[in-house]
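Engineer: output the structure for:
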Amino acid sequence: AVLGTPLSADDDATGKAAGRLEAALAEAVRGKLRRLEGRFAIRMLQAAKPARPEVFRTVLDGILENRVLHMGYESPYKAGTRAGTAAAATGKARKVESVAVEPYGLFLAKRGWYLVANKRPGQGMRQYKLARIRQVTLGEQGFSLPRGWTVDGYLRNSWEIIVEEKATPTRVVIDLDASVAGNLIETRWHPSQAVEVGPDGSARLSFSVAGTEEVFWWGLGMGCRARVVAPAQLR
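Structural biologist: Next up, the predicted model:
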């Protein structure tokens, strides 16, 4: 996750680190690596607009030093609308908000890096995609991180990355058609996931999640091959 991102400082340092790792391997293993070159790959979706290195490093400094960040943050939507239009997708006419935040932590998910931060003054926890930060400066004010706070703990009840602060864990039950069930149950979509497989190859997937916005879009992606059983609001 780190190699090839601003977290690795620069390409030269990354290359040297990778070289040292390879040098520490047994010769037989290095030989296998050489034979695998060009025949072994890890394919991941890439961000079309990655975070700029200077933004990444400033955000990291704020986290390391527990200092407030002042940011110009652009909405993914066209100014004045909630629809993702072509103009918004290219960055034209996007609304840019000036915000002050207490940076709690960073995580990599779904093609991008996200900052988890407490928005000042007293506006609660937010997530900010680093690629949407136009500019950021390190403020003079410090802040205290809540005792025991971790990124994993913050995300534990989410489906993927969206945390709905006021939502309580809800049991979600989805029936999957046999045509998609085999592929879908090979993935552990959530830590609380439970699966019941029917004799015809269909499956019932259940889990407990706080907030169903992301589950809604995930379920729609399967079309008529999935049917929500519960909760009623999601169905």
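Engineer: switch to C-alpha atoms for all contacts and neighbour counts from now on
Structural biologist: OK.
Engineer: residue 201 - nearest residue in space that isn't next to it in sequence?
Structural biologist: On the basis of Cα to Cα, 6 or more residues apart in numbering, the spatially nearest residue to residue 201 that is not a chain neighbour turns out to be residue 178, at 4.7 Å.
Engineer: state the distance from that neighbour to residue 203.
Structural biologist: 7 Å (Cα to Cα, to the nearest Å).
Engineer: with residue 46 instead?
Structural biologist: Using Cα to Cα, which is the criterion applied here, residue 46 is 32 Å from residue 203.
Engineer: more crowded one of the two?
Structural biologist: In this comparison of residue 46 against residue 203, neighbours counted by other Cα atoms under 10 Å, the higher total goes to residue 203 at 22 against 10.
Engineer: what pairs with that one across the strands?
Structural biologist: Residue 203 forms beta bridges with residue 176, residue 197, as assigned by DSSP bridges.
Engineer: was I right to think the residue nearest to residue 201 contacts residue 202?
Structural biologist: Yes. Here residue 178 lies in contact with residue 202, judged by Cα atoms under 8 Å, at a distance of 3.9 Å.
Engineer: pLDDT below threshold where in this structure?
Structural biologist: In the predicted model, the chain carries pLDDT under 70 at residues 1-14, 77-93.
Engineer: find the centremost residue of this structure, please.
Structural biologist: The residue at the geometric middle of the chain, judged as the C-alpha nearest the mean C-alpha position with Cα atoms, centre = their mean, is residue 109 (2.7 Å).
Engineer: phi, psi for it please.
Structural biologist: phi -160, psi 150 (degrees, to the nearest 10).
Engineer: same question, the one 5 residues further on
Structural biologist: Note on residue 114: backbone dihedrals following degrees, to the nearest 10 are phi -120, psi 140.
Engineer: again, but for residue 151
Structural biologist: Taking degrees, to the nearest 10, you get phi -60, psi -40 for the backbone angles of residue 151.
Engineer: which non-adjacent residue is nearest it?
Structural biologist: Once flanking residues are discounted, residue 151 sits nearest to residue 105: 6.2 Å by Cα to Cα, 6+ apart.
Engineer: go on, residue 100?
Structural biologist: Taking Cα to Cα, 6+ apart as the measure, residue 100 lies nearest to residue 70, with 4.5 Å between them; neighbours along the chain are not counted.
Engineer: check which helices and strands the host helix or strand of that neighbour sits against.
Structural biologist: Using DSSP states H and E, residue 70 sits within strand 67-78. The criterion is 3 or more Cα pairs under 8 Å, 6 or more residues apart in numbering; DSSP states H and E, and the helices and strands that strand 67-78 contacts are helix 53-65, helix 86-89, strand 94-109, strand 133-142.
Engineer: make JSON lines out of the ones you listed and add distance to residue 19.
Structural biologist: JSON lines is the format used below for these (distance: least, Cα to Cα, whole Å):
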{"stretch": "helix 53-65", "distance to residue 19": "23"}
{"stretch": "helix 86-89", "distance to residue 19": "39"}
{"stretch": "strand 94-109", "distance to residue 19": "25"}
{"stretch": "strand 133-142", "distance to residue 19": "33"}
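Engineer: residue 165: which of those is closest?
Structural biologist: Within the helices and strands packed on strand 67-78, the stretch nearest residue 165 is strand 94-109; the backing value is 15.6 Å (Cα to Cα).
Engineer: what helices or strands is the closest one leaning on?
Structural biologist: Under the contact rule (3+ Cα pairs under 8 Å, 6+ apart), strand 94-109 is packed against helix 53-65, strand 67-78, strand 112-119, helix 151-155.
Engineer: before I go, just wanted to say thanks for your time.
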